[in-house]
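Chemist: give me a model of this one.
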Amino acid sequence: FVFLVICALALLAPAIAPYNPVEQHILDRLQAPSAKYLLGTDGYGRDVLSRLLWGARISLVIGTVSVLIGMVVGGSLGVLAGYKGGRLDQLTMRAMDVLLSFPTLIMGLLVVAVLGASMTNLIIAIALTMTPKFARIARAPTVAVKERDYIALAKVAGCGATTIFVRHLLPNVFNTLVVLATLQVGQVIIFEASLSCIGLGIQTPDVSWGLM
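Modeler: Model (predicted):
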């Protein structure tokens, strides 16, 4: 419920924000909360409430999109590695281990430093750090499920690898991935805030919670 309220406020920001989030009122800089500025103003005289509402839009988009990309890519890699096994499984999981060996913030810093600071590059950087987590989570249930009788029966019935992959393996892994995704969105928003705070995330004049 709280999350839906935040999403609604973010979507309605153009209609309910009292001021333009980048508009400066120099004479009103660093004002305390009042009837004119409900949450006060910052050092440039910008309305804090308006910036909170508009900043929620970017922070939620980055958090949701990057986690979805990480879930799709990482989940697919994990299911594929778990189902095929053998050398593909070993190579895929070792690659994920390499990515996991870097702290999330350090990995994000490296990617953004190479690609440059922008919203798109920030989403790519965060998605890359999310991918190995989803791959690891997806592989374990896949290894267990592929030994079930109905998978063997599907093979006997003539189902191809793609059919088994889409109709039998992914549905069994999907719930686990969704739970992980919901837990990761909040962490990603904090991650975005960390990068934006040090100048490697969202750039002005865009507004995000990290910049604030």
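Chemist: so R57, which of the three states?
Modeler: Secondary structure state of R57, per DSSP: H, G, I helix; E, B strand; the rest coil, is helix.
Chemist: whoops, L9 was the one
Modeler: helix.
Chemist: so the closest residue in space to it that isn't next to it in sequence is in which element?
Modeler: What sits nearest to L9 in space, not counting adjacent residues and going by CB to CB, 6 or more residues apart in numbering, is L53, at 5.8 Å. All C-beta atoms are positioned from the backbone trio N, CA, C, and that covers glycine. Using DSSP states H and E, L53 sits in helix 48-84.
Chemist: I'd like the next helix or strand past that helix.
Modeler: Later in the chain than helix 48-84, the nearest helix or strand by DSSP H and E is helix 86-100.
Chemist: can you name the element that comes right after that next one?
Modeler: According to DSSP H and E, the helix or strand after helix 86-100 is helix 104-115.
Chemist: how far does that next one sit from the chain's center?
Modeler: Offset of helix 104-115 from its chain centre (CA atoms, centre = their mean, to the nearest Å): 15 Å.
Chemist: how about stretch 65-80?
Modeler: The chain centre lies 11 Å from the centre of stretch 65-80; the measure is CA atoms, centre = their mean.
Chemist: in that stretch, what counts as buried?
Modeler: 65-67, 69-71, 73-80 (16 or more other CB atoms under 10 Å).
Chemist: avg pLDDT for that stretch?
Modeler: The pLDDT scores in stretch 65-80 average 90.
Chemist: low-confidence stretches in the protein?
Modeler: In the predicted model, the chain carries no residue with pLDDT under 70.
Chemist: SS state for Y44?
Modeler: Secondary structure for Y44, judged by three-state DSSP, is coil.
Chemist: give me the nearest residue to it, chain neighbours excluded.
Modeler: Ranked by CB to CB, 6+ apart and with sequence neighbours excluded, the top spatial neighbour of Y44 is Q24, at 4.8 Å.
Chemist: re the thing from before, which of the buried residues of stretch 65-80 lies closest to L49?
Modeler: Using CB to CB, V65 comes nearest to L49 of these, at 25.2 Å.
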